[in-house]
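*Asks:* Fold the following, please.
(chains A and B)
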Protein chains: 2
Amino acid sequence: MSQELIYTNKVDATLKSIIEGGNYNRVMVLVDSNTRLVALPQLPCLSDAWVIEFPAGDENKSTATLAAVWRAMEDGKATRHSLLVNLGGGVVTDLGGLAAATFKRGIHFVNVPTTLLAAVDAAVGGKTGVNFNGLKNEIGVFAPAQEVIVSTCFFATLSREELKSGFAEMLKHAMLDSHDHFARLLHFDLHDIDYDKLLELLPASLQVKQRIVEQDPTEAGLRKALNLGHTVGHAFESKAMSDGRPVPHGYAVAWGLVAEAVLSHMTLGFPSSDLYSLARFVKENYGMFHFTCDHYDQLIDLMRHDKKSRDGEINCTLLKQCGDPKIDNTITTHDIKAALDIYRDLME
Amino acid sequence: MSQELIYTNKVDATLKSIIEGGNYNRVMVLVDSNTRLVALPQLPCLSDAWVIEFPAGDENKSTATLAAVWRAMEDGKATRHSLLVNLGGGVVTDLGGLAAATFKRGIHFVNVPTTLLAAVDAAVGGKTGVNFNGLKNEIGVFAPAQEVIVSTCFFATLSREELKSGFAEMLKHAMLDSHDHFARLLHFDLHDIDYDKLLELLPASLQVKQRIVEQDPTEAGLRKALNLGHTVGHAFESKAMSDGRPVPHGYAVAWGLVAEAVLSHMTLGFPSSDLYSLARFVKENYGMFHFTCDHYDQLIDLMRHDKKSRDGEINCTLLKQCGDPKIDNTITTHDIKAALDIYRDLME
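*Replies:* Numbers count the residues shown, from 1 in each chain, chains lettered A, B, ... in the order given. This next block holds a predicted model:
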């Protein structure tokens, strides 16, 4: 999997040189109804590109939109020697990557993520996909973008909530990387964001993901480390959804990181000082996900049905310390309940 | 691209050992309405498999059938650890390969081609695809089957026409390989087929394709050698289709091989003795594709619009001699017309 990551706020000049260097016979750009308005005008190098647009929203991450994009590429006379630029958040890069990877058995594509979450997660690492039959990312392939342009220049129009969602994935990467990296992020000010400083933090964050993905491109083993925080996080997210009070994915991940840090402390000796620092940071910036012991069984049931679990056992990535993940830990019901108790104590 | 080819007429035992060795949680088999009746009953090892069926015919090589197969895999509770066996001709292996490669970002699949054409072409080499919006194989990916079981035990129910269609691709492989290989095929009796002898010929034939594909998995250059016979062949096929008297693809390839051998002789000095032997064999076994000089412009126009051509120039793979292909030859209108003259003289 070769994928070049370019960190820059000179997006137009960078993209221009990629386009000119690639000798493409057509350049197409995929946008959603938001990024067409706020991001596309910032890129004059795409003024002659064939624009393919679909309505913003996760409900459009579908095989129907995928077929519409294929058709639009044909209408734009795309050939195997054409380029698709995916300009948007995770829905655009996931769907556009799949469209490009399957069109005439694969054309080049470049991801230009416009959200922090897409920059640190969806746009990098070669996973593409759309939802199908009610299942998330059910249809997709592993296919890397030729280049990913990582920039913070589109983030000014994001809500604080969207930024924090992306930052939770950065926290995860830092915890998988090293204590230093973790400590550096806890000092970042999410109330008054410095976008240049944020751009400086991104290479280290993405290198964590890249390093893991390169060693395990098709998620055979090690890549499970990237699920840190997500087993419990997904359960929180699903419960919130079923209670009719949905929470942003990144918030659920942040809370999941705290809960799994508790589990890590209980079972692998993860340092309590780091657990406390994490809980404090998450509580201050993301608030708290509230539940009582009456909800434990529901949460445990959701964890058992997580796609990472097999045969009804709860499977988690945990940390011995920052930078030392252990994949495939089987967690007992007893330990989960104890961890949820401690999580509530820490956060309330 | 790693893909194991297994040549055997003990298909059931071979497939059984693949299934047992793979530790799959579900085994599914994709068939069309023909292979369900004639091939599936020959494989007791699949008696417990989840059967997915679609109606036979190229018109069902569509994104609609693809979506139906995805849904059927979900109904069969397939996970990333499941196996799909594609049992059928090229439509089944092309469509099933794409379905498997895109389901949950890719599950294992095994191809069991039931036609000679699929065995020597579609099932091997990692090309998958479905037709879309009137365009052949417009949507697809490069994804190799883990194993391909190559056998002649399903061929007894094929029509003579289907067998000859497949044999034309073998002729092509032989010409790309060596004079010996070419001469061996010209001695094969297509009137009274010896299936064991045919099985013995298949490894050498497929090794030609494998060798080329391994050097160029994504068709960047060398793989174009496999288009030998197809530039003129596709034009014959398209003309026949538009005249309302369609011909089998393999027949068009056989005639295309003769026409392109003429071009090879004219421009690269391909030996006339081999050209005459080929023309005699093709005429005897495939008959002749008839047209007059009034149709030259139509045929040339079709060649110009072939997907292998760029910017309206006709692009062909030609041979200096058997085993020595040259890709990317640009052919002038004048030469094409002269070659079509000679083709008609040779074959009429």
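*Asks:* Quick one: low-confidence residue ranges for the stretch 101-250 of chain A.
*Replies:* Counting by pLDDT under 70, the stretch 101-250 of chain A has low-confidence residues at A:218-219.
*Asks:* Get me the contact residues on it for chain B.
*Replies:* By Cβ under 8 Å from any Cβ of the partner chain, the residues of the stretch 101-250 of chain A that approach chain B are A:101-106, A:127-129, A:132-133, A:135, A:137-143, A:218-219. Yep, even glycine has a C-beta here, placed from its N, CA and C like the rest.
*Asks:* again, only this time at 10 Å
*Replies:* A:101-106, A:126-130, A:132-135, A:137-143, A:218-220 (Cβ under 10 Å from any Cβ of the partner chain).
*Asks:* Just the buried residues of those residues.
*Replies:* Among these, the ones that count as buried by 16 or more other Cβ atoms under 10 Å in any protein chain shown are A:101-106, A:126-130, A:132, A:137-143, A:219.
*Asks:* pretty sure A:N86 contacts A:H108?
*Replies:* No - contact criterion Cβ atoms under 10 Å: A:N86 and A:H108 do not qualify, at 11.3 Å.
*Asks:* So for the two, which residue has more residues nearby?
*Replies:* A:N86 (32 against 17; other Cβ atoms under 10 Å in any protein chain shown).
*Asks:* excluding its backbone neighbours, what's nearest that one?
*Replies:* If the residues on either side of it in the chain are set aside, A:N86 comes closest to A:G96, at 3.4 Å by Cβ to Cβ, 6 or more residues apart in numbering or on different chains.
*Asks:* what's the spacing between that neighbour and A:I19?
*Replies:* 16 Å (Cβ to Cβ, to the nearest Å).
*Asks:* Please apply the same query to A:V213.
*Replies:* Using Cβ to Cβ, one obtains 26 Å as the distance from A:V213 to A:I19.
*Asks:* Tell me which of these two has more neighbours.
*Replies:* More crowded of A:V213 and A:I19, by other Cβ under 10 Å: A:V213, with 23 against 18.
*Asks:* and that one, helix, strand or coil?
*Replies:* Three-state assignment for A:V213 (DSSP: H, G, I helix; E, B strand; the rest coil): helix.
*Asks:* right, and it touches A:K127 too?
*Replies:* Yes - the pair A:V213 and A:K127 passes the contact test of Cβ under 10 Å, sitting 8.8 Å apart.
*Asks:* Tell me, how many residues neighbour A:K337?
*Replies:* Neighbour tally, A:K337, other Cβ under 10 Å: 15.
*Asks:* Need the pLDDT of the nearest residue to it once chain neighbours are set aside.
*Replies:* Once flanking residues are discounted, A:K337 sits nearest to A:Y296: 5.4 Å by Cβ to Cβ, 6+ apart. Looking at A:Y296, its pLDDT reads 96.
*Asks:* Next up, the contacts around A:Y296.
*Replies:* A:333, A:336-337, A:340-341 (Cβ atoms under 10 Å, 6 or more residues apart in numbering or on different chains).
*Asks:* Can you turn the buried part of those residues into a PyMOL selection?
*Replies:* Per 16+ other Cβ under 10 Å, the buried members of these correspond to this PyMOL selection:
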select buried, chain A and resi 336+340
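*Asks:* Let me see the ranges of the strands in the stretch 1-150 of chain A.
*Replies:* All strands of the stretch 1-150 of chain A, identified by DSSP state E, counting those that start in this stretch, fall at A:4-7, A:27-32, A:50-54, A:83-88, A:108-113, A:130-132, A:135-139, A:147-150.
*Asks:* Identify all contacting residues around the third one.
*Replies:* The reference is to strand A:50-54. A:26-33, A:35-36, A:40, A:60-62, A:64-66, A:68-73, A:75-78, A:82, A:84-88, A:91-92, A:95-96, A:99.
*Asks:* coming back round to it: may I have the helix or strand where the residue nearest to A:K337 lies as CSV, with CA atoms only?
*Replies:* Secondary structure from DSSP states H and E places A:Y296 in helix A:296-304. Taking C-alpha atoms only, helix A:296-304 is exported to CSV below (Å, rounded to 0.1, in the frame of the first residue of the first chain):
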residue,chain,number,x,y,z
TYR,A,296,-24.9,-2.3,32.1
ASP,A,297,-26.6,-5.4,30.6
GLN,A,298,-27.7,-3.4,27.6
LEU,A,299,-24.2,-2.0,27.1
ILE,A,300,-22.6,-5.4,27.5
ASP,A,301,-25.0,-6.9,24.9
LEU,A,302,-24.1,-4.2,22.5
MET,A,303,-20.4,-4.9,23.0
ARG,A,304,-20.9,-8.6,22.4
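*Asks:* With that, I have no additional questions.
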